[in-house]
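Asks: no sequence for this one, just the structure:
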């Protein structure tokens, strides 16, 4: 058997591979599917760890007796399956479309097959990690440190590589890592057999890379449909951690930018921008002379009123509105755009046309800019809500800190005395976005002013959308007349207020004509908002920073009503993304229970005395650990102003400091006896973070990235450090008292981690991040109970 030092490097390397493959799959699924499904990828990975623990538990004697060859073969198989996962998942028999899962049973089978393909490399990689834990249990603190340090390194390395390596090539690069691990794990006196395995594995990785298949996205995604248009040509393709960026142009594909019906000119052919196959906008150039297309769009109204000397465009995308503000003579223009691909392209286009742009581009998320800067603007334009034709609830799990009550309060503070706030909402059926926005504005205005909402709000109706204009000061009669004249001249309709509208709340949402929808909107603005929130079949509560899910409308209590009104097959498309989480948790709970119970049934004699405390102890830290990790990832998007930085900073900080805690746990004699104090420390810090973390991030969000990283480490490092103690201390205890239970205990930890990912998402959506922090604190109390039960 190899000595302790020989296990550090392969364990470190294969840990990098496992976390890297997870990030690769998240990136690939964002492109080929409608969502990144990160919760599902984490669950599949953790299921691999749990299954590995079950297998090691059942066949522990065999693997212990043949540990050198087992570790070597498992590493080689992990490399083989990593390089084969993407080609296999792209075969027609496995390639699924999440949009069709609820309407075509074949796609359910394909989805299941794809999950199994992704599961296999995690399973064999986990077998390597679990077996090393088993054979070196007396040094588990140092071993666990190598494991977590490798995972932390993977969390930092892959986001960097995503700038330089195409998403479809990254998995093959990652497959080299288990091959390196296998090299370090070549058994003693293995002869030519090990060299043959290494050679075959290496050849397979290379051949798979050379003949890698083209990634095929859902045929229903915007880019896939646009490619089918006559004369469609791709002009631009780039990749980064932000996704695949494409520019496509076709002579028959045009975008009107919401112009009114009285526009008599020709809509020009424009390059269309796509991120991960989803349309984000069209590049509209300024006319050399004549009428600007946007003079007939809703954005023109504030400029017709006049006094727009400064403008803030939140989420620049194609910078069309920013350019229009420049065209109208606005002196100071700021646009936020976190994606450097889009920023760089805009600057390149300006340089090619020898145009000096007046737009100041801020490379951060919109809400982060609002919290970090205190400038005031005459116009703040928000990104549109919803999409043309609806989006089937695919985006239900996407957090958006801009469309929260706190976000609106921040925008309000950035408006000058006569400033405007503009929001466009696409019509959807049944009505959801516009109603929720109206209720948000109603509650927000009540928080900021004693005026009635229609004293500050104008609503413009077009054939496919509503545009809300909110004025910082009370609307004057001149402004109202200007608005009516603008709508008449451009071909829009003025939304008519009716505070005395009569609504039958028993049937709200069941009618479909436009007139009834306007009645609902009036009710949202003038009636008791709680009546609509309670009666309507969809979730209408205004989002907050604690639960920033503006796109999530499904209510569990209303599923039967939705089935009766819209049919059973239609219900999933009101919240497809959210239902996918529930399906995932249902499947993983069933599998986890089966795999946890299986070793008990087979080895009930060996586990009969320890199974209760092992499940309680290792299960609770598995749930609590990931609750905290996923919670931090979601909340840090606002803090760092960039989802890539948020994921990298959170994963790397938590895993690295937990690894340091594990390392110290081995060097600290008597640490097992101090476990109660360690757990009390975790519980205390979790409660403190739950109560203070959001306030901490908002109060320091205006600092530079380096300082924010340092502050984040100071805030999260201590709890992550303490979270690194419970697992290795319990494994070390088992190594002295009941070594054969170690694989099963490790598997239990993995299975509960499987459940924690989708469960954390559901809890955050239903109850908010603060509750998730407090639940994590409560879960860490359970190891304390288990610890005392052992003493008894």
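Replies: All right, it came through fine. All values reported here derive from a predicted model rather than from experimental measurement.
Asks: only C-alpha atoms for contact and neighbour calcs from this point on.
Replies: Noted.
Asks: where are the low-confidence patches of the stretch 551-700 of the chain?
Replies: Scanning the stretch 551-700 of the chain for pLDDT under 70 picks out 558, 565, 567-575, 599-610.
Asks: Which stretches in the stretch 151-300 of the chain count as strands?
Replies: 233-240, 243-249, 272-275, 278-282 (DSSP state E, counting those that start in this stretch).
Asks: Mean neighbour count, distance to residue 191 and mean pLDDT added to those, as CSV?
Replies: As requested, these are arranged in CSV below (neighbours: other Cα atoms under 10 Å; distance: least, Cα to Cα, whole Å; pLDDT from 0 to 100):
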stretch, mean neighbour count, distance to residue 191, mean pLDDT
strand 233-240, 15, 44, 90
strand 243-249, 21, 45, 92
strand 272-275, 22, 51, 93
strand 278-282, 19, 53, 89
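Asks: Show me what counts as buried in the helix or strand containing residue 416.
Replies: Assigned by DSSP states H and E, residue 416 belongs to strand 415-426. Buried residues in strand 415-426, defined by neighbour count with 16 or more other Cα atoms under 10 Å: 415-416, 419-426.
Asks: got any ranges where this protein has weak pLDDT?
Replies: 1-5, 288-289, 354-356, 388-396, 505-515, 558, 565, 567-575, 599-610, 791-792.
Asks: Distance check, the residue nearest the centre of it against residue 578.
Replies: With the centre of the chain defined as its mean C-alpha position, the nearest residue by Cα atoms, centre = their mean is residue 398, 5.9 Å away. Per Cα to Cα, to the nearest Å, residue 398 is found 10 Å from residue 578.
Asks: what number of residues lie near residue 188?
Replies: Applying other Cα atoms under 10 Å, we find 11 residues neighbouring residue 188.
Asks: follow-up on the earlier one: could you redo the buried residues of strand 415-426 as a markdown table and give each row distance to residue 97?
Replies: Converted to a markdown table, those look like this (distance: Cα to Cα, whole Å):
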| residue | distance to residue 97 |
| --- | --- |
| 415 | 44 |
| 416 | 47 |
| 419 | 45 |
| 420 | 41 |
| 421 | 38 |
| 422 | 35 |
| 423 | 32 |
| 424 | 30 |
| 425 | 27 |
| 426 | 25 |
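Asks: Could you identify the most distant pair in these?
Replies: Farthest-apart pair in the buried residues of strand 415-426 is 416 and 426; separation 27.3 Å (Cα to Cα).
Asks: Show me the helices in the stretch 501-650 of the chain, by range?
Replies: Here the stretch 501-650 of the chain has its helices, by DSSP state H, counting those that start in this stretch, at 514-526, 529-535, 559-566, 576-602, 604-607, 611-640, 643-667.
Asks: Tabulate those (JSON lines), appending mean neighbour count and distance to residue 334.
Replies: Shown next, in JSON lines, are these (neighbours: other Cα atoms under 10 Å; distance: least, Cα to Cα, whole Å):
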{"stretch": "helix 514-526", "mean neighbour count": "20", "distance to residue 334": "31"}
{"stretch": "helix 529-535", "mean neighbour count": "16", "distance to residue 334": "35"}
{"stretch": "helix 559-566", "mean neighbour count": "14", "distance to residue 334": "43"}
{"stretch": "helix 576-602", "mean neighbour count": "18", "distance to residue 334": "33"}
{"stretch": "helix 604-607", "mean neighbour count": "14", "distance to residue 334": "64"}
{"stretch": "helix 611-640", "mean neighbour count": "23", "distance to residue 334": "19"}
{"stretch": "helix 643-667", "mean neighbour count": "23", "distance to residue 334": "21"}
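Asks: nearest to residue 189, of the ones you listed?
Replies: Among the helices of the stretch 501-650 of the chain, helix 643-667 sits nearest to residue 189 (Cα to Cα), with 32.2 Å.
Asks: Great, nothing more from me.
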